[in-house]
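Student: what's the 3D shape of this:
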Amino acid sequence: MKKKVVLVGLVIILLGVVMAFIGFSEVTPYVMVYSGNLPPGQSVVKELRPGLDSVALTFNSSYPLRVVVDGGTLLKQESLSGSMSLVLNGSSPVLSIENNGTSVVKFTVASTSITSMTEFGGVLFIVGALVSFIGLAILIYGLIRRS
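Tutor: Next up is the predicted model:
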């Protein structure tokens, strides 16, 4: 066992974990997740942060829910069976989700404000995770290497 290599591995792991934690804490305030049940003919309204937003909507129905954006511009919308993604921009965007079906629908909305801080935090989290794995590899190498 090489003690210096093991120590370097531990320091690099610690550095990576700190970087990932800081990245995660930078992104968390910009993420909103909401889940609920939506009876037939009912709607729910969610206010989003001003600026550019990315929204993912999942639901347990074969037909799409009706989604209306007020106070903003819908830049892109993609739909698949049971999910929908939106990119919108606005000064005070409001997302209205309506169940136009005949049964109760369980849904989840996840919204992320796209800002320089979310980009920085996301990159820092990924780099921190990679640095931690590199530190783990160095640690394992130091543990199995003979003096």
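Student: any low-confidence regions in the chain?
Tutor: Segments of the chain classed as low confidence (criterion: pLDDT under 70) are 147.
Student: Tell me where it has strands.
Tutor: Secondary structure of the chain (DSSP state E): strands located at 31-38, 43-47, 51-59, 66-70, 73-80, 83-90, 94-98, 105-113.
Student: ok, now how distant is the closest residue in space to G121 that isn't next to it in sequence from Q42?
Tutor: In space, and not counting its chain neighbours, G121 is closest to E26: 3.1 Å by C-beta to C-beta, 6 or more residues apart in numbering. The C-beta positions use only the backbone N, C-alpha and C, and glycine is treated the same way. Using C-beta to C-beta, to the nearest Å, one obtains 36 Å as the distance from E26 to Q42.
Student: in the chain, which helix has the most residues?
Tutor: Ordering each helix of the chain by length in residues (DSSP state H) puts helix 116-144 first.
Student: Identify each buried residue in that one, please.
Tutor: In terms of neighbour count (16 or more other C-beta atoms under 10 Å), helix 116-144 has its buried residues at 118, 121-122, 124-125, 128-129, 131-132, 135, 138-139, 142.
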